[in-house]
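K.L.:
kindly generate the corresponding structure for this input.
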Amino acid sequence: MAPRVDKVITSGIFSIDGEDHEVDNNIWIVGDDEECIVVDAAHDHEPIVEGVDGRRVVAVVCTHGHNDHINAAPALADAVGAPIWMHPADTMLWDDVHPDRPVDAPLRDDQVIEVGGHRLKVIHTPGHSPGGVSLHDARGHLLFGGDTLFNGGPGATGRSFSSFATIIDSIRDRLLPLPDETVVHTGHGDDTTIGDEAPHLDEWIARGS
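P.N.:
Numbers count the residues shown, from 1 in each chain. Prediction:
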């Protein structure tokens, strides 16, 4: 059985390396009718609180530390009484946005998050940022991939703290071995599946080399 998954979309500015970009972000609320986690708190906490709809929030989980994925995290955490979790390799990105509010606990590779009777495994997938993670629900064949793998290829690199070679390694070694039917819920844009993306690995490598 798959967990209950609710999607909220918020819009705002992604800022990096002195440039601003208007973006729409996918926020994923994962669990059951009683409790949930929130995957990435982007831009505006109020519609996320509405999506939570009174459930207990186990944690606000950050797939990485770019501002458009964390800028609403403290306000959301305060509103729902939940801790914020993020991989420590992205601490410098977090501190740039929230210098006076540390993350509550670190995420680690292979950590298991239990929520609503479901288990999501943390997979460290650096490349888009050093501390990027994906969350895998093996039983439900779901992956919450942040900005590591999109419908159409890997997340953006070529920016501070990013690496094309590293994100390719993460995708090839950690994500593409997952079952083909695994649905990838992305940080932006449309869903995809591992089976739809896997045949294109060599194309991505050639394009990015």
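
K.L.:
okay, CA-based contacts and neighbour counts for the rest of this
P.N.:
Noted.

K.L.:
residue 78: which element?
P.N.:
Take DSSP states H and E as the rule and residue 78 turns out to sit in helix 73-80.

K.L.:
what distance separates that helix from the centre of its chain?
P.N.:
Taking CA atoms, centre = their mean, to the nearest Å, one finds the center of helix 73-80 at 17 Å from the center of the full chain.

K.L.:
could you point out which element follows it?
P.N.:
Downstream of helix 73-80, the next assigned helix or strand under DSSP H and E is strand 84-86.

K.L.:
in the helix or strand following that following strand, which residues are buried?
P.N.:
With elements assigned by DSSP H and E, the helix or strand that comes after strand 84-86 is helix 91-97. Burial within helix 91-97, assessed by neighbour count using 16 or more other CA atoms under 10 Å, is assigned to 91, 93-94.

K.L.:
who's in contact with helix 91-97?
P.N.:
Under the contact criterion CA atoms under 8 Å, 6 or more residues apart in numbering, helix 91-97 has outside partners 65-67, 70-71, 101-102.

K.L.:
show me what whichever strand or helix holds residue 26 is packed against.
P.N.:
Element membership for residue 26 (DSSP H and E) is strand 19-31. The elements that strand 19-31 packs onto, with contact taken as 3 or more CA pairs under 8 Å, 6 or more residues apart in numbering; DSSP states H and E, are strand 4-16, strand 35-39, helix 45-52.

K.L.:
would JSON lines of these with mean neighbour count and mean pLDDT be doable?
P.N.:
Formatted as JSON lines, those follow (neighbours: other CA atoms under 10 Å; pLDDT from 0 to 100):
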{"stretch": "strand 4-16", "mean neighbour count": "16", "mean pLDDT": "97"}
{"stretch": "strand 35-39", "mean neighbour count": "25", "mean pLDDT": "98"}
{"stretch": "helix 45-52", "mean neighbour count": "18", "mean pLDDT": "98"}
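
K.L.:
so what's the gap between the helix or strand bottoming out on mean pLDDT in the chain and the chain middle?
P.N.:
Ranked by mean pLDDT, DSSP states H and E, the weakest helix or strand in the chain is helix 201-208, scoring a mean of 94. For helix 201-208, the distance between its averaged C-alpha position and the chain's averaged C-alpha position is 23 Å (CA atoms, centre = their mean).
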